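Chemist: need a structure here:
(one chain, ligands or ions: 2)
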Amino acid sequence: MADQSTTGPRGGNDITGDRTGKGNSTSLGAPGSGKNAATAARVRTTTNGPQSPTDAPELRRDGDTGPPPGGTISRRRLLGTAGATGLALGAAGAGAGYGAASSSDSSSKVTPLSFLGANEVMFHVKHQPGITTPLQARGHLIAFDLAAGAGRKEAAALLRRWSETARRLMAGEASAQDDTGIARDAGPSSLTVTFGFGHSFFARTGLEKQRPESLDPLPDFSSDQLDRTRSNGDLWVQIGADDALVAFHALRAIQKDAGSAARVRWQMNGFNRSPGATAHPMTARNLMGQVDGTRNPKPTESDFNERIFVPASASPSTSGDPEWMANGSYAVVRRIRMLLDDWDQLSLKEQEDVIGRRKSDGAALSGGTKATETTEMDLEKTDSQGNLLVPINAHARISRPDQNGGAAMLRRPFSFHDGIDADGVPDAGLLFICWQADPVRGFVTVQRKLDRGDALSKYIRHESSGLYAAPGGAAEGEYVGQRLLEG
Ligand SMILES: C=CC1=C(C)c2cc3[nH]c(cc4nc(cc5[nH]c(cc1n2)c(C)c5CCC(=O)O)C(CCC(=O)O)=C4C)c(C)c3C=C
Ligand SMILES: [Fe+2]
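Modeler: Ligands and ions are numbered 1, 2, ... in the order given. Next comes the predicted model:
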């Protein structure tokens with residue numbers, strides 16, 4: 001099974017895998033290969049290798065997506081035109097899987113999907129999609145509790161249904177049954193669906209012995225103001241896509257699939273910048289205006305997999321994880337409200353001191369005018385009066401792995417905005433999602449430190465919390481979590 005791979009320029013995150021097994025080679029799928037005319041000429045590729053803004057010189061316009069004469073597209077051109085996403089280029093296709101425009105239409109010419117719509121993330125990969133996939137423009141998080149009377153058997157059937165739906169929708173196909181038509185006309189649009197199990201799932205299904213220790217409840221933090229009704233849950237699903245309708249379509253399908261087996265516990269919606277909104281691929285900004293994600297671990301780093309994923313050889317005696325968590329990861333999910341009116345009162349200098357990085361380009365405050373986002377932070381450097389250039393309580397100083405015994409996590413958030421409160425204050429902030437092989441070594445260690453004196457804490461409020469075990473990706477013919485539910 002293909003791994004997901006490598007760093008991309010959109011936020012320093014990674015890309016999709018390749019279930020064709022063709023690696024970097026790119027070939028056009030033959031018509032009649034099982035999909036309808038809309039998808040017959042899809043091209044898939046992995047996006048391994050270095051990717052920097054200079055790697056992406058050619059911008060193609062929507063509609064300029066057809067294959068070049070000869071039917072092959074160079075890997076460089078693919079990367080350059082489609083950005084950092086793992087992709088399958090829909091060389092043809094009006095709403096892949098829904099059927100192309102009928103031949104009786106006034107124009108039987110098939111209009112190619114734009115690159116954004118054509119991007120496809122693979123479902124059958126070693127690590128579940130939606131973990132190292134580049135940030136998507138739209139996100140939906142939904143947690144479920146199993147219904148009274150539903151147990152292991154019903155949970156297994158549900159995960160089987162959900163996996164099949166995720167596979168189909170991620171490929172741009174319609175749901176197996178009663179498709180709502182919401183995504184009609186659109187391609188896969190980098191849709192990902194990721195599944196996780198919460199602590200309470202295991203007692204409800206009689207699987208307590210299989211519950212990882214890493215799912216033990218997170219400790220209380222002094223700054224927490226958690227709403228328990230919007231926290232935790234037996235099952236958690238993360239949906240991301242670069243198109244709002246594609247993402248919502250997946251949310252509806254997942255909810256409908258739950259049927260009488262599980263009921264919704266909470267649901268949240270988020271967003272990120274749309275691909276193509278900036279002149280070149282850049283690290284994301286959050287709703288405080290900061291460049292956020294700069295120092296995320298990169299898949300090209302030698303210890304990336306060991307920090308973010310449970311080893312393939314997981315066992316209680318080696319990694320401390322149950323075997324069914326091989327290639328899995330633990331997600332910590334926190335709804336963090338930003339107190340934006342208070343934040344906006346600060347001067348630019350005060351805002352930059354809170355983080356320890358420049359607001360304009362994310363460069364460390366120790367770097368001087370020539371510094372860039374990636375210039376190493378000098379923790380000791382002082383100004384002429386002997387003051388540290390990166391303040392002692394700056395968020396980006398105290399959250400660093402080298403200040404926390406090596407603790408690292410992959411942050412993959414969505415911003416949220418749920419309207420404006422009666423007092424005129426925006427209900428907005430960050431759906432903070434971080435992935436790690438061990439949540440105690442990762443999130444808990446850093447959050448304990450932040451809780452003791454992060455300059456940012458005056459301007460944020462943790463309002464809900466969840467911790468989920470996301471198993472490894474499903475092999476062909478398998479569903480996510482099968483090794484737990486049928487092991
Ligand atoms: C417990 C983990 C973390 C929480 C909660 C958290 C909240 C949070 N962070 C920002 C903005 C930024 N964070 C940045 C860096 C950063 N943050 C964490 C962890 C948590 N953040 C880590 C591990 C790091 C990286 C540290 C490093 O290795 O240098 C930055 C700087 C740019 C970057 O590297 O991403 C910003 C900006 C907000 C707004 C927020 C809650 C709303
Ligand atoms: Fe942070």
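
Chemist: Which parts of the stretch 301-450 of the chain are strands?
Modeler: 329-338, 410-411, 414-420, 426-436 (DSSP state E, counting those that start in this stretch).

Chemist: Adding mean neighbour count as columns, could you present those strands in JSON lines?
Modeler: C-beta coordinates here come from the backbone N, C-alpha and C atoms, glycine included. Shown next, in JSON lines, are the strands of the stretch 301-450 of the chain (neighbours: other CB atoms under 10 Å):
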{"stretch": "strand 329-338", "mean neighbour count": "24"}
{"stretch": "strand 410-411", "mean neighbour count": "24"}
{"stretch": "strand 414-420", "mean neighbour count": "16"}
{"stretch": "strand 426-436", "mean neighbour count": "22"}
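
Chemist: Export the ones you listed to a markdown table and append columns for distance to ligand 1 and mean pLDDT.
Modeler: Listed next are the strands of the stretch 301-450 of the chain as a markdown table, based on distance: least, CB to the nearest ligand atom, whole Å; pLDDT from 0 to 100:
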| stretch | distance to ligand 1 | mean pLDDT |
| --- | --- | --- |
| strand 329-338 | 4 | 98 |
| strand 410-411 | 6 | 98 |
| strand 414-420 | 9 | 98 |
| strand 426-436 | 4 | 98 |
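
Chemist: right, and these - which one's nearest residue 312?
Modeler: strand 329-338 (12.4 Å; CB to CB).

Chemist: so how far is residue 191 from the residue in the stretch 101-250 of the chain that ligand 1 sits nearest to?
Modeler: Residue nearest to ligand 1 within the stretch 101-250 of the chain (CB to the nearest ligand atom): residue 221, separated by 9.2 Å. Distance of residue 221 to residue 191, computed by CB to CB, to the nearest Å: 34 Å.

Chemist: who has more neighbours, those two?
Modeler: Using other CB atoms under 10 Å as the criterion, residue 221 and residue 191 rank with residue 191 on top: 31 against 17.

Chemist: The more buried one contacts residue 169, correct?
Modeler: Yes. If you go by CB atoms under 8 Å, residue 191 and residue 169 touch, sitting 5.8 Å apart.

Chemist: Between those two, which contacts overlap?
Modeler: Common neighbours of residue 191 and residue 169 (criterion: CB atoms under 8 Å, 6 or more residues apart in numbering): 246, 250.

Chemist: ok so, going back, ok, for the residue of the stretch 101-250 of the chain closest to ligand 1, nearest residue in space, not its chain neighbours?
Modeler: Take residue 221 and drop its neighbours on the chain: the residue closest to it by CB to CB, 6 or more residues apart in numbering is residue 451, 4.5 Å away.

Chemist: Quick check: pLDDT value at the one you found.
Modeler: With respect to pLDDT, residue 451 scores 96.

Chemist: Over to the one 3 residues further on?
Modeler: The predicted local confidence for residue 454 comes out at a pLDDT of 98.

Chemist: Now it: closest residue in space that isn't a chain neighbour?
Modeler: residue 395 is the one closest to residue 454 (CB to CB, 6+ apart), at 5.4 Å.

Chemist: Can you report how many residues lie near the one you found?
Modeler: Residue 395 has 21 neighbouring residues, counting by other CB under 10 Å.

Chemist: mind listing what it touches?
Modeler: Taking CB under 8 Å, 6+ apart as the test, what residue 395 contacts is 354-356, 450, 454-456.

Chemist: what do you get if the cut-off is 7 Å, keeping everything else the same?
Modeler: Going by CB atoms under 7 Å, 6 or more residues apart in numbering, residue 395 touches 354-356, 454-456.

Chemist: between those residues, which has the most around it?
Modeler: residue 356 (26 neighbours).

Chemist: Next, find the distance separating that residue from residue 451.
Modeler: For residue 356, the distance to residue 451 (CB to CB) stands at 18 Å.

Chemist: do residue 249 as well
Modeler: Per CB to CB, residue 249 is found 39 Å from residue 451.

Chemist: Looking at these two, which one has more neighbours?
Modeler: Legend: neighbour count by other CB under 10 Å for residue 249 and residue 451, higher for residue 249 (25 against 16).

Chemist: May I see the buried residues of the host helix or strand of the more buried one?
Modeler: Here residue 249, judged by DSSP states H and E, is contained in helix 244-258. Of the residues in helix 244-258, 244, 246-251, 253-255, 257-258 count as buried by neighbour count, 16 or more other CB atoms under 10 Å.

Chemist: Could you export those to JSON lines, including columns for distance to residue 230 and pLDDT?
Modeler: Shown next, in JSON lines, are those (distance: CB to CB, whole Å; pLDDT from 0 to 100):
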{"residue": "244", "distance to residue 230": "22", "pLDDT": "98"}
{"residue": "246", "distance to residue 230": "25", "pLDDT": "98"}
{"residue": "247", "distance to residue 230": "20", "pLDDT": "98"}
{"residue": "248", "distance to residue 230": "20", "pLDDT": "98"}
{"residue": "249", "distance to residue 230": "24", "pLDDT": "98"}
{"residue": "250", "distance to residue 230": "21", "pLDDT": "98"}
{"residue": "251", "distance to residue 230": "16", "pLDDT": "98"}
{"residue": "253", "distance to residue 230": "23", "pLDDT": "98"}
{"residue": "254", "distance to residue 230": "18", "pLDDT": "98"}
{"residue": "255", "distance to residue 230": "17", "pLDDT": "98"}
{"residue": "257", "distance to residue 230": "22", "pLDDT": "98"}
{"residue": "258", "distance to residue 230": "18", "pLDDT": "98"}
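
Chemist: For residue 469, name its beta-bridge partners.
Modeler: Residues in a beta bridge with residue 469, per DSSP bridges, are residue 197, residue 330.

Chemist: Show the model's pLDDT score for it.
Modeler: If you check residue 469, the pLDDT there is 98.

Chemist: Give me the neighbour count for it.
Modeler: Neighbour tally, residue 469, other CB under 10 Å: 29.

Chemist: ok, it touching residue 196?
Modeler: Yes. When contacts are counted by CB atoms under 7 Å, residue 469 is listed as touching residue 196 (6.0 Å).

Chemist: Give me the common contacts of those two.
Modeler: The contact sets of residue 469 and residue 196 do not overlap (CB under 7 Å, 6+ apart).

Chemist: Tell me which helix or strand in the protein has the weakest average pLDDT.
Modeler: One helix or strand of the chain scores below all others by mean pLDDT, DSSP states H and E: helix 75-82, with a mean of 29.

Chemist: where does the closest residue to residue 440 other than its chain neighbours land in three-state SS?
Modeler: Leaving out its chain neighbours, the residue that sits closest to residue 440 by CB to CB, 6+ apart is residue 214, at 6.9 Å. Secondary structure, DSSP: H, G, I helix; E, B strand; the rest coil: residue 214 is helix.

Chemist: Surely residue 214 is in contact with residue 328?
Modeler: No. Assessed by CB under 7 Å, residue 214 is found out of contact with residue 328, at 9.9 Å.

Chemist: Appreciated, that's everything.
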